[in-house]
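Here's my sequence, what's the structure:
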Amino acid sequence: KALYASKLAADKKALLDNLQPQIVEYYSEAKRRITTLQFLEAIERNLVPLSLLSAIQDQIEEIKKENSMVLISEFNATIGKAVKDQPAPFIYERLGDRYRHYFIDEFQDTSQLQWENLIPLVDNTLSIAHPS
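Presented below is the predicted three-dimensional model:
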């Protein structure tokens, strides 16, 4: 792209043409440095919140360990892994009973993982003929 108007004197055009590679180099370097500066500023803005979140997470883990607790989100994932490849009879055996009906309170708040944990049981119930 031309750095000058077409009416510019020939000697000035030649000078700008000679300087164009250096101008492009300076521009590229400035752009790289500005991008690096913006990145570092973003890190600085988020460093304290991220450090705080990390400290909070450490405290939560310590409390869970001290009280032998598991968060429901972790519990659902653990159950999901346990029942994923198990046949429904095995799951019923572990539950100690068979159920014909399931009541899911607050279904709109049921996560996909929770629903997937119920699928083997619901599938088995629907596949068995039950007397009315």
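
Low-confidence regions, this structure specifically.
1, 72, 83, 86-103, 129-132 (pLDDT under 70).

can you pull out the strands in it?
Taking DSSP state E as the criterion, the chain carries no strands.

what about the helices in it?
Assigned by DSSP state H, the helices in the chain fall at 10-66, 72-83, 88-95, 112-127.

got a markdown table for the ones you listed, with mean neighbour count and distance to Y4 too?
The way it works is simple: take the backbone N, C-alpha and C, and place the C-beta from them, glycine included. Below are those laid out as a markdown table (neighbours: other CB atoms under 10 Å; distance: least, CB to CB, whole Å):
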| stretch | mean neighbour count | distance to Y4 |
| --- | --- | --- |
| helix 10-66 | 10 | 5 |
| helix 72-83 | 13 | 63 |
| helix 88-95 | 13 | 79 |
| helix 112-127 | 14 | 62 |
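
For the ones you listed, please prepare a markdown table with the additional fields distance to A2.
As requested, those are exported to a markdown table (distance: least, CB to CB, whole Å):
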| stretch | distance to A2 |
| --- | --- |
| helix 10-66 | 9 |
| helix 72-83 | 60 |
| helix 88-95 | 75 |
| helix 112-127 | 58 |
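
With respect to L3, which of those lies nearest?
Closest to L3 of the helices of the chain is helix 10-66 (CB to CB; 4.7 Å).

what's the offset of the closest one from the middle of its chain?
Here helix 10-66 is found 22 Å from its chain centre; the criterion is CA atoms, centre = their mean, to the nearest Å.

Mind giving me the packing neighbours of that helix?
Helices and strands touching helix 10-66, as assessed by 3 or more CB pairs under 8 Å, 6 or more residues apart in numbering; DSSP states H and E, are absent.

Just the angle for it relative to helix 72-83, thanks.
80 degrees (axes from the mean of the first three to the mean of the last three CA atoms, to 10 degrees).

From D17, how far out is Q57?
59 Å (CB to CB, to the nearest Å).

just P120 next, same as before
Separation of P120 from D17 (CB to CB): 75 Å.
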